[in-house]
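Enquirer: Quick one, what's the 3D model for this:
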Amino acid sequence: MPSITRAPWRPRLDLAHMGDRIRHLILVLELAPQIWRERRMLLGMNDRALNDIGFNRSDAYAEAYRPLWDIPRERLHL
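Expert: Next up, the predicted model:
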C-alpha cells in the first residue's frame, strides 16, 4: 500500500477580512492617544465636576488607569 504524505499545516490568511482588521487597527491607533488624554483629565477634575458627569473620585482613578488599548466599544463605531 502506498504511503500518503500530508502537506505541512499552514495557517490560513483570511484575506476577505484583512482590510477590516487593518482599518480597525488604524482606528484604535488614532483613538488611543485621545482617550488617554481624556482619562488623565478626569484626574484633574474636582469632586463637584466629577459628580456633574456621574463620577466620583474612585471612578475617576479607575477610568484613568485603564490600559491604553482598552478602548470602549462605542468609541470604535463598530
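Enquirer: Now do the SS call for the residue nearest the centre of the chain.
Expert: The residue lying closest to the centre of the chain (Cα atoms, centre = their mean) is residue 71, at 3.6 Å. Of the three states, residue 71 takes coil according to DSSP: H, G, I helix; E, B strand; the rest coil.
Enquirer: Tell me which stretches of the protein form helices.
Expert: With helices called from DSSP state H, the chain shows them at 15-44, 47-52, 57-64.
Enquirer: which helices and strands does the first one pack with?
Expert: When contacts are defined as 3 or more Cβ pairs under 8 Å, 6 or more residues apart in numbering; DSSP states H and E, helix 15-44 packs onto helix 57-64. From N, CA and C alone the C-beta is placed, and that goes for glycine too.
Enquirer: Over to the last one?
Expert: Contact analysis of helix 57-64 by 3+ Cβ pairs under 8 Å, 6+ apart lists helix 15-44, helix 47-52 as its packing neighbours.
Enquirer: Run the chain-centre distance for the first one.
Expert: Put plainly, it is helix 15-44. On the basis of Cα atoms, centre = their mean, to the nearest Å, the separation between the geometric centre of helix 15-44 and that of its chain is 6 Å.
Enquirer: What average pLDDT does that helix get?
Expert: In this model, helix 15-44 carries a mean pLDDT of 89.
Enquirer: how far off helix 57-64 does that helix point, in degrees?
Expert: Relative orientation of helix 15-44 and helix 57-64, computed by axes from the mean of the first three to the mean of the last three Cα atoms, to 10 degrees: 140 degrees.
Enquirer: In helix 15-44, which residues are buried?
Expert: Burial within helix 15-44, assessed by neighbour count using 16 or more other Cβ atoms under 10 Å, is assigned to 35, 39, 42.
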